[in-house]
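A.B. asks: when you get a sec, could you give me coordinates for this:
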Amino acid sequence: MLEVEGLHAGYDNLRVLHGIDLSVPAGHLLAVIGANGAGKTTLLRAVSGLIRPSAGTVTVDGRAVDGLRPERIAAAGLAHVPENRLVFPSLTVADNLALGGWTRRRSATPADRDRVLDLFPRLRSRLAQPAGTLSGGEQQMVVIGRGLMAAPKVLVLDEPSVGLAPRLVAEIFAALGRLRDEQGQAILLVEQNARAAFRVADRVAVMDRGRVVTTGTPADLAGDDRVQSAYLGGGYQSTVD
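C.D. replies: Got it, this is the predicted structure:
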């Protein structure tokens, strides 16, 4: 479980986040949407220790981690999958996945890898292939899988759909839904593709100018004319009961 309370953060004298409150229980996917510059990536960077919060608390499974170094936060159970699909291009897919277990007290096992491959079966035939030769969607699967090899309590992802074909976006988001439903994973997803986020999220938080301005279920927010116009492009019909 991830709890964020009263979080303030920024860069040098530029304050970006202003009192963020979020909660992501186990088996729950919270999507964060907002315009460019709303502070979404800064939120993930503050939660994962890449920047130091100036105020507020971050807890992972009840343990306070705000102010810790990134590797300490990772060891506490938070895996951060950044944007831009950062694979090690000359290493094989298998080696890229194996590197994800470095934060664990024991080495990752074949069973850990099998769980990743069950989520992303197209990677099975590519384990010996250099990761840099994969398609963009397959590289995104590798970096998500690498994060999962750490057996995190909380998985945070920064815009995993960027630059991908709709078919691959659907495949990746379906895997995230399975991860939540079948393995009880807590997931914090920052996503610029609001429609895709709405289809998989349990709840959605809308950020603007460093603040969470509204939070609700996808069905509730899809009925908000302001959210519909600003983020869903109009004409969006929720499929959530």
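A.B. asks: please name the residues that touch the nearest residue to residue 11 once chain neighbours are set aside.
C.D. replies: The shortest distance from residue 11 to any non-neighbouring residue, by Cβ to Cβ, 6 or more residues apart in numbering, is to residue 51 (6.9 Å). Yep, even glycine has a C-beta here, placed from its N, CA and C like the rest. Residues near residue 51 by Cβ atoms under 8 Å, 6 or more residues apart in numbering: 9, 10, 11, 42, 45.
A.B. asks: switch to 7 Å and redo it
C.D. replies: With contact set as Cβ atoms under 7 Å, 6 or more residues apart in numbering, residue 51 has these partners: 9, 11, 45.
A.B. asks: quick check, nearest of the residues you listed to residue 202?
C.D. replies: Set against residue 202, the nearest of the contacts of residue 51 by Cβ to Cβ is residue 45 (23.4 Å).
A.B. asks: give me the mean pLDDT for the lengthiest helix in the chain.
C.D. replies: The longest helix of the chain (DSSP state H) is helix 166-183. For helix 166-183, the mean pLDDT works out to 95.
A.B. asks: can you tell me the closest non-neighbouring residue to the spatially most central residue of the chain?
C.D. replies: Of all residues in the chain, the one closest to the mean position by Cα atoms, centre = their mean is residue 157, 1.8 Å from it. The shortest distance from residue 157 to any non-neighbouring residue, by Cβ to Cβ, 6+ apart, is to residue 81 (4.5 Å).
A.B. asks: let me see the contact set for that neighbour.
C.D. replies: Shown in contact with residue 81 (Cβ under 7 Å, 6+ apart): 143, 144, 147, 156, 157, 158, 160.
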